[in-house]
Each structure stands twice: as C-alpha cells, then as structure tokens.
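>>> Just need the structure, nothing else, for what follows:
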Amino acid sequence: MIDSLEVPGAFVVVPRCERLDASQALAFRSDVLPLIAGRPLVILDLRDVAFVDSTGLGCIVAMQKRLTPDGRLRLANVGSRVSALLRLTGLARIFPTYESVEQALAA
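Model prediction:
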C-alpha cells in the first residue's frame, strides 16, 4: 500500500494507490501513522494518486497531527485534481505543495 524512505532531514511516504478514498484510506492510515509518529518533517509523495475524497483528506490531516508539535507535512507531485480539491477545501493554505520531492526537501 505504501513505500517509505528515510532521507537526510525528512521521511518520504509514497502511497501506492491511484485513489486515496474510502476504499483505501483506512488501510493507508493504519499503515502510515505508526511510521511517521513524532517525526519533524514528512513529505507525502502523491505521484500515483489521481483522486482523493474526504476520507483521504482526513488521512492527510491525521498525518499532520501525528508529527512533532512543530512538525511539517509537505505534499509533492500533486496532480491537478488533488490540487484543485486542496484549494477548494482550504487545505492548500495548510499543506504546501511542491512539484517534486527534491523541491519539498529544499524548501
């Protein structure tokens, strides 16, 4: 369901699903939250994710809450549909998006 990679200064999570929706989000959440608990910087690489629904958005918010108190969640490789949803819901102001993992790391 996910791939993860520890890189200097961050932890990268890559969901291996096309949809982060009610059918996938609960499994994703149970897999990812223990991996990121207490980390200061997590990059969520959405390269394979073409669709996110409200359950998927809830997972992204839960990820932020699981980090250290001043921890940051950055989103990379966000597709146009997911980007539009983040803007529509106001979450684009909370979660910065980057064109690549490398750009998210450099920010």
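
>>> Distance-wise, check Gly56 relative to Arg29.
9 Å (Cβ to Cβ, to the nearest Å). In short, each C-beta sits where N, CA and C put it, glycine included.

>>> Could you check how far stretch 48-62 is from the centre of its chain?
Its chain's C-alpha centre and that of stretch 48-62 lie 8 Å apart, by Cα atoms, centre = their mean, to the nearest Å.

>>> same deal with stretch 18-36?
For stretch 18-36, the distance from its own C-alpha centre to the chain's C-alpha centre is 10 Å (Cα atoms, centre = their mean).

>>> What lies in contact with that stretch?
With contact meaning Cβ atoms under 8 Å, 6 or more residues apart in numbering, stretch 18-36 is reached by 1-2, 4, 11, 13, 15, 17, 42, 46, 48-53, 55-56, 58-59, 62-63, 66-67.

>>> which among these end up buried?
The neighbour count (16 or more other Cβ atoms under 10 Å) marks 11, 13, 15, 17, 42, 46, 49, 52, 55-56, 58-59, 63, 66-67 as buried among these.

>>> ok, now how distant is Asp53 from Ile60?
Distance of Asp53 to Ile60, given as Cβ to Cβ: 11 Å.

>>> Val13 sits in which helix or strand?
strand 10-15 (DSSP states H and E).

>>> what are the pairing partners of the next helix or strand after that strand, and which direction each?
Scanning forward in sequence from strand 10-15 by DSSP H and E, the next helix or strand is strand 19-20. In the sheet, strand 19-20 lines up against strand 51-52 (parallel) (DSSP bridges).

>>> pLDDT on the strand it pairs with, on average?
Throughout strand 51-52, pLDDT has a mean value of 96.

>>> List of residues touching that strand?
Glu18, Arg19, Leu20, Asp21, Ile60, Arg81, Val82, Leu85.

>>> Now name the helix or strand holding the residue nearest the centre of the chain.
Centroid check for the chain by Cα atoms, centre = their mean gives Leu44 as the closest residue, at 3.3 Å. Taking DSSP H and E as the criterion, Leu44 maps to strand 41-45.

>>> I appreciate the help and will end here.
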